[in-house]
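Colleague: Quick one: sequence plus predicted model below, questions after.
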Amino acid sequence: MQIKSNVLDRQFFMYQQEYEAAALRVLRSGWYVLGNEVRQFEQEFAAYTGRKYCVGLNSGLDALIMSVRALGIGSGDEVIVQANTYIATVLGITENGATPVFVEPDEFFNIDADKIEAAITQRTKAIMVVHLYGQASNMKRIVEVAQKHNLPIIEDCAQSHGACFNGKMTGTFGISGCFSFYPTKNLGAFGDAGAIVTDDEKFADEIRIMRNYGSKVRYYNEIEGLNSRLDELQAALLRVKLSHLDELNSERKKLAQVYDKGIKNDKIKLTAIRKGADSIYHQYVVLCEKREEFQAFLEKYGIQTQIHYPVPPHLAECYKHLGHKKGEFPITEAYADAVVSLPIYTGMTNEEQEYVIEKANEF
Ligand SMILES: *Cc1c(COP(=O)(O)O)cnc(C)c1O
């Protein structure tokens with residue numbers, strides 16, 4: 001049997017008629033950028049997360065870059081971020097000329113909240129939190145530290161649409177919840193898309209102006225803006241997907257439970273979930289010291305796996321100039337050497353999953 005690490009067409013065919021109707025509605029409307037669909041999606045996504053405002057953008061990376069910029073953070077400033085994240089999180093900081101200050105993760109792959117205070121300096125301007133793989137971070141402790149030091153929190157929710165900490169949705173703990181709707185994300189569009197959610201009206205206005213060349217009124221430019229507009233087609237398709245997001249997340253949670261129960265192999269360590277947190281299982285990640293062999297073994301049986309992520313940002317070629325050394329973040333580096341993401345996707349069949357479990361246990 002051939003099992004891909006991710007399959008995207010099944011979620012389309014599951015609601016095919018709704019997607020096609022939404023797409024045709026936009027194509028026939030004669031209005032393609034920043035219109036009614038974007039407005040409606042923004043209202044619906046703000047309501048879904050429980051925030052006052054949502055601003056639709058071009059990508060998750062833009063959401064991060066623009067959030068940092070709207071807080072006035074730039075050259076000479078520091079932003080605290082977990083060391084074991086996707087490069088985009090860090091780019092959100094460095095694209096503004098600010099310096100990322102890395103902190104080691106905890107056993108749940110999120111920032112170790114107890115290590116944040118030691119990383120705070122006079123230059124620290126914000127804490128960037130990533131709910132990696134879909135699991136909510138320890139927001140109780142992080143909010144305490146942020147309040148004590150009067151630092152804003154930016155949440156990277158690119159992998160956590162709908163995941164909660166103590167019943168409160170990720171993306172609602174800080175000034176800005178940054179979302180990506182890249183096709184593989186739990187709330188994925190059919191192209192690039194992103195958004196921020198916030199309760200701060202001024203912040204929302206700033207992002208709204210920034211996304212459209214820095215102008216509120218066309219051709220009157222108040223700030224040096226960007227072009228980071230969510231288009232109508234993606235917004236219309238996202239509205240369909242959003243209306244099914246809870247079902248889609250529950251399906252992934254069920255798939256994860258089946259893996260949790262089924263995988264029994266001393267060489268494979270499963271991911272625990274923090275008390276009070278939940279995960280929407282954007283990825284189903286396990287640790288395996290013999291990762292290369294494990295991947296090759298599964299590959300031999302037609303099962304694809306992925307590594308999220310093989311090179312931590314502090315060791316990435318592009319950040320050589322930051323001067324970090326191998327061994328500086330041992331927990332992060334150990335994760336980078338041992339994490340494996342097993343196949344998990346909408347529409348994964350029992351048969352497919354049982355096959356993955358059988359082979360994982362055989363290894
Ligand atoms: C996908 C992702 C991003 C970037 O989102 P894009 O829409 O691809 O720009 C940022 N952070 C994390 C953790 C991601 O997984």
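Modeller: Received the coordinates, thanks. Numbers count the residues shown, from 1 in each chain.
Colleague: State the phi and psi torsions of the residue of the stretch 201-350 of the chain found nearest the ligand.
Modeller: Across the stretch 201-350 of the chain, the shortest distance to the ligand (Cβ to the nearest ligand atom) belongs to H282, at 7.4 Å. The C-beta positions use only the backbone N, C-alpha and C, and glycine is treated the same way. Main-chain dihedrals, H282, degrees, to the nearest 10: phi -60, psi -40.
Colleague: To what extent is E292 buried, counted in neighbours?
Modeller: E292 sits with 10 neighbouring residues when counted by other Cβ atoms under 10 Å.
Colleague: Let me know the secondary structure of it.
Modeller: With DSSP: H, G, I helix; E, B strand; the rest coil as the basis, E292 sits in helix.
Colleague: Could you check how many residues crowd around the closest residue to I263 other than its chain neighbours?
Modeller: Among residues not flanking I263 along the chain, A360 sits closest, at 5.3 Å (Cβ to Cβ, 6 or more residues apart in numbering). Using other Cβ under 10 Å, A360 has 25 other residues around it.
Colleague: and A360, what does it touch?
Modeller: Counting by Cβ atoms under 8 Å, 6 or more residues apart in numbering, A360 touches I263, N265, I268, L298, L342.
Colleague: The residue of the stretch 201-350 of the chain closest to the ligand against A136, yeah?
Modeller: No. Using Cβ atoms under 8 Å, H282 makes no contact with A136, being 11.7 Å away.
Colleague: Could you report the distance from the residue nearest to I263 to N221?
Modeller: Distance of A360 to N221, computed by Cβ to Cβ, to the nearest Å: 55 Å.
Colleague: neighbours around the closest residue to the ligand within the chain, how many?
Modeller: With Cβ to the nearest ligand atom as the measure, G60 is the residue of the chain nearest to the ligand, at 2.5 Å. When neighbours are defined as other Cβ under 10 Å, G60 has 27 of them.
Colleague: List the residues that contact the nearest residue to K241 once chain neighbours are set aside.
Modeller: The shortest distance from K241 to any non-neighbouring residue, by Cβ to Cβ, 6+ apart, is to L187 (5.8 Å). Going by Cβ under 8 Å, 6+ apart, L187 touches H161, G162, F179, F181, L238, K241, L242, L245.
Colleague: same question, F297
Modeller: K359, E362, F363.
Colleague: Show me the subset of those that also lies near the ligand.
Modeller: Taking Cβ under 6 Å from any ligand atom as the test, the ligand is in contact with none of these.
Colleague: If any of those residues are buried, put those into a ChimeraX selection.
Modeller: Buried residues among those (16 or more other Cβ atoms under 10 Å), as a ChimeraX selection:
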select :359,363
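Colleague: Restricted to helices, list the contacts of F297.
Modeller: If you go by DSSP state H, those have K359, E362 in helices.
Colleague: right, and out of the contacts of F297, which lies closest to T349?
Modeller: Checking the contacts of F297 against T349 by Cβ to Cβ gives K359 as the nearest, at 15.4 Å.
Colleague: Pairing partners for the top strand by length along the chain, with directions?
Modeller: Across the chain, the longest stretch assigned as strand under DSSP state E is strand 124-130. Strand 124-130 pairs in its sheet with strand 78-82 (parallel), strand 153-156 (parallel), by DSSP bridges.
Colleague: Now that we're looking at V217, what pLDDT does it have?
Modeller: Predicted confidence (pLDDT) for V217: 89.
Colleague: For it, give its distance to A88.
Modeller: 32 Å.
Colleague: Who has more neighbours out of these two?
Modeller: A88 (22 against 8).
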